[in-house]
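Visitor: Give me coordinates for this.
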Amino acid sequence: MAINNCLVEDSPAAFKESMCIMDCIYVMRGELFKGDYEKAIIATENALRSFKELRKMQLEKEKINELQFILQEAQKSGMGIVVIQRLLNG
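Guide: Numbering: from 1, shown residues only. Purely as a prediction, here's the structure:
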């Protein structure tokens, strides 16, 4: 897992989701070889849920990074915090 793909406060949850994915892959592989496709499907669905959670965390970090960039650029150009807040709030 790339630790920089999520916010620092999301790191424990991201680690947990990553471990879940790894466990699911292990189960999927085992069930595939045993021929128990139903259990393999369940493990696949669980892994997919964890991937979706990781993606949400990644998108949240991207959104925060973009807002921070906008704030930095606005401050460089001399905009006051009130103006920036109005821009962000519409």
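
Visitor: Show me which helix runs longest in the chain.
Guide: helix 37-76 (DSSP state H).

Visitor: buried ones in it?
Guide: Buried positions in helix 37-76, judged by neighbour count with 16 or more other C-beta atoms under 10 Å: 40, 43-44, 46-47, 50, 53-54, 57-58, 61, 71, 74. For glycine as for every other residue, the C-beta is placed from the backbone atoms N, C-alpha and C.

Visitor: Please apply the same query to stretch 15-34.
Guide: Judged by neighbour count (16+ other C-beta under 10 Å), stretch 15-34 contains these buried residues: Glu17, Ser18, Cys20, Ile21, Cys24, Val27, Met28, Glu31.

Visitor: Residues touching it, excluding its own?
Guide: 1, 37, 39-40, 43-44, 46-47, 50-51, 53-54, 57 (C-beta atoms under 8 Å, 6 or more residues apart in numbering).

Visitor: farthest pair in those residues?
Guide: Using C-beta to C-beta, the pair of the contacts of stretch 15-34 lying farthest apart is Tyr37 and Met57, separated by 30.4 Å.
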